[in-house]
Structures are given as C-alpha cells and as structure tokens.
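Peer 1: Only the shape, not the letters, is given here:
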C-alpha cells in the first residue's frame, strides 16, 4: 500500500491545503489568465504558495493543475502543452517539500447534452493525458475535484485508473444544498453518487467547493452515515460577495475551523479548504485539530 | 403552453405557438400566462430541488422554440408604434448563462420594448457599439457568476464614458447581483425577469 493510503487510513484527518487560484492572483496572476501557465513561467511563486500552506500545517498540497485538462487548456490555446504544464505543476509542488503531492484534476468545464455539447470520448482521452503526465512526474495521489456531474467523475476515475493503476484516487463532487438535501447541479444526490464512486474504486470520496463549512459539516455527517469508505471534505470560506474592492468571502478562519474540526471525531480521512480559504484557514484548522480529541 | 415548458418539450411548445399565431390568438397573454409562467415554474422547481440543470435547460429550450414563432409576429403587430424604449441586452463576457437574460428579452419585447439581444459572453465594447448603433435607452447586462459580475461595473464605466449625447441607463441582473451592488457601481438592479419590465419602464419615465 502507498504511504499516502497508509496515512489516509490511520490517525487524525490528513490536513490538505486551501485555495490556490486566489493566492496566485494575490501574487500577480492576471484574472482570466491560465493559472497552469505559471507552473512554467513563475514556478517559484507557485512553490511559494505551496510552502505557505505547509507552514500553516498542510501535510499534502494539490498541484496547480485544476484547469490542466486539455479541453480547459484549449480555451487559452494551451491544449498541446497539457503534459508539459501538468508535469511542471508536480515539480513546483515537489519543490515545496510537501510530504504528499496530490495531483489535482478539475472538470473539463463542458457539459454533456442536453445542457452542453461535451463528448465523453474527448473527455476521457484528455483525463488520460493529464493523469499520465501527473503520474509520470510522481504524484502521491490524484484528486478529482469540483466535479458537478457524476458521469464525468466516474469517467475521470476510470481514466486515472487505466493509465496509473498504482496511484490512489480521491474523488470529490461539488454539491449544493437544496430543500430536499444535497445534490450536484446535474441532480446527482449526495449518498448515491459517493457510493457509486466508492463502488467504482475511489480510495476516498467527498465534497469540495460551492458550500461553506456549516453546510459542509452537515453534508459530512450525512455522508458518514450513508457512505462506506474514506471521506475528504474541503468547503469554501463562506459565500463569495462581490464588492467594489473585489471579491471577498464572508467567513473567518476561526469559524471555518470550528465547523470542520469536529469532523475528525467522525473519522473523516482528509480535511482542507477550497475557494476563499488561505493559509490562515488551514493554520486555524491545524490548531483546532491538535487540541481535538 | 405552460406545461410544454415545464416538461421541457420544445416540439410541443413550438406547435402550440404556431397554432396560436395561426388562429390570431392574444400573443401577449399567451406569453405571460403561458410560456413565461412555465419558465417561472421551472425556476421554482429548481429552487425546490426538484429540477436540475438538464431540466432547466430543456425548459429554456422549449421557451425559446415558442418565442421564435411568436416574437416576429408580435413585433410585426407592434410595427408602426413607437417602442417604449430601445434595449441592448446581453450576458457579460466570460459568462455563458443565457436563460434568465433571454427571458428578460422576451418579456421586454412582449411589453413593447425594442430589444437587441446580443446573446452571452458579450464584451463591453459590443454593448457600447450596439447601443450607439440602435440609439439605445437602456443597456441591460446579466451576470451569473461572482467572477463575471465585475464586467457589469466595467460596462457602467464604459457607458458613462461613451458620450451617447443622451442618457443611457444600465440595468443589471443575475443570481449573485443585488440592489446594493447595482447602487455601488451606478446601475439599476432588477431581481428577476418580471421585475425587469417594471424597472425598465420606470427608468424611462
């Protein structure tokens, strides 16, 4: 078994990192630019963000490759640089000396019919390219995250397994809270979708993005009750609010940590943050976890 | 007509619209009590967690199919009348959300406005150029993402700097937008498509 899976399966929750894109923007990444390009052009700044999370207490960091699927890179004219940019993402993360480097695979950004014109064969080939590049560069695990369509998550999982069977896979969907419960925007229900991903062989399943820590804590409890297997949970820092000064997230690190730390007692395997969270959120969570039972 | 939209049946919606046009029915009433009521019901079902993105898209497609039949006829019946106002409408750059914006366009057209719908992912410059070309009274911009809302502010600035030689108002909307946001950037807010009609009328008074 891999060191990553050993760690995921024992002890307190594995502490992951928080938001990456907003941190890069704070260091000068232009809004609307491809963050993955910085893996080549400003790798030292990408490494610095990873290092800031390690200093805050993260044991594992996600590579700067959320948009590294060729379909997504194509929007920037970078599809043919998929392998190069994903490899560089791993190198930038490795340079931070993180204990675990988690290869990040986000959604294609397209939708399947009738919502959009996505093509499963194109998606699959792209996930294989990205996963192969990340694996060859030596990631400790994959995290398929912010998936809003179970079909896409399963496809990415199958693609990752086929090109890198030895690399553990975490798979996270992004859910909204509706009156009837938690669903993806495509209508995939929480427990059914996560069970499907467990059945398809994911080493950990979970939720990230879209909702903030109070709702995410409820989601984690529901998932713990209904879904077998390891859980990974990464909420946003509250709700985004647009002001004339820019985008701001509504939550403070202490409240975030206060909602998430109790999940350690439920046996959640991995915790971290998503949009709007920064090292202060991870540091607050690390402190709370240290003093939690 | 309402049900055809709620069920997301574009063929049915188109057939009903064609029958209505052929029999010279009351088009305005059919839009408001029929097709638009259907899309509002779709919105309610979305809110309730009964409908999700696929149902929402199919409902919007049905609405669109009906409107493609009805709008040309409605515009023909209004020809010769001076429109209440001229509106240039679109979803801002980087944002592909189309449904709410299109509904605003339909309801404004049905209520006597001349509407120029530029679609989605519309750059600020395209709004300005069209507004100049058609001598617009209102530029209406939708944004459904917090990350694209900033384009509404850019649009307000561009409109202010465009020197149209007459007042041009900016109307903003979309799920993450609020009246406070609109006030901050110097625009007027409409919280939903029905309100957009009333707000547009009040802007021209």
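Peer 2: Nice, thanks for sending it over. Just so we're clear, the structure is a prediction, and the values are computed from it rather than from any experiment. Numbers count the residues shown, from 1 in each chain, chains lettered A, B, ... in the order given.
Peer 1: which bits of chain A sit near chain B?
Peer 2: Within chain A, the positions near chain B by CB under 8 Å from any CB of the partner chain are A:31-32, A:111, A:114-115, A:178-181, A:183-187, A:240-244, A:247. For every residue, glycine as well, the C-beta is placed using N, CA and C.
Peer 1: Got a ChimeraX select line for the buried ones in the residues you listed?
Peer 2: In ChimeraX syntax, the buried subset of the residues of chain A next to chain B is picked out as below (16 or more other CB atoms under 10 Å in any protein chain shown):
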select /A:111,115,178,183,184,185,186,187,240,241,242,247
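Peer 1: Looking at chain A, what residue ends up closest to chain B?
Peer 2: Nearest residue of chain A to chain B, counting by CB to the nearest CB: residue A:178, 2.7 Å away.
Peer 1: I'd like to know how many residues surround the residue nearest to that residue when sequence neighbours are not counted.
Peer 2: In this structure, residue A:178 finds its nearest non-sequential neighbour in residue B:49, 2.7 Å apart by CB to CB, 6 or more residues apart in numbering or on different chains. Applying other CB atoms under 10 Å in any protein chain shown, we find 17 residues neighbouring residue B:49.
Peer 1: Please name the residues that touch residue B:49.
Peer 2: A:178-181, A:183 (CB atoms under 8 Å, 6 or more residues apart in numbering or on different chains).
Peer 1: Contacts only, for residue 185.
Peer 2: Let's take chain A. Applying CB under 8 Å, 6+ apart, we find residue A:185 in contact with A:148, A:176, B:52-53.
Peer 1: not what I meant, chain B
Peer 2: A:244, B:152-153, B:156, B:172.
Peer 1: and if you look at residue A:85?
Peer 2: Applying CB under 8 Å, 6+ apart to residue A:85 gives the contacts A:36-37, A:39-40, A:65, A:68, A:73, A:78.
Peer 1: Ramachandran coordinates for it?
Peer 2: Per-residue torsions, residue A:85: phi -70, psi -30 (degrees, to the nearest 10).
Peer 1: Find me the pLDDT at it, would you?
Peer 2: Looking at residue A:85, its pLDDT reads 98.
Peer 1: And for residue A:244?
Peer 2: 66.
Peer 1: so who does residue B:53 touch?
Peer 2: Taking CB under 8 Å, 6+ apart, one finds A:111, A:115, A:185-187 in contact with residue B:53.
Peer 1: Now it. Nearest residue, chain neighbours left out?
Peer 2: residue A:185 (4.8 Å).
Peer 1: Specify the local secondary structure of the one you found.
Peer 2: Following DSSP: H, G, I helix; E, B strand; the rest coil, the label given to residue A:185 is coil.
Peer 1: Was I right to think residue A:124 contacts residue A:157?
Peer 2: No. Checked against CB atoms under 8 Å, the pair residue A:124 and residue A:157 is beyond contact range at 10.9 Å.
Peer 1: and those two? which has more neighbours close in?
Peer 2: residue A:157 (25 against 16).
Peer 1: Hmm, residue A:143 and the more buried one touching each other?
Peer 2: No. Counting by CB under 8 Å, residue A:143 is not a contact partner of residue A:157; they are 11.1 Å apart.
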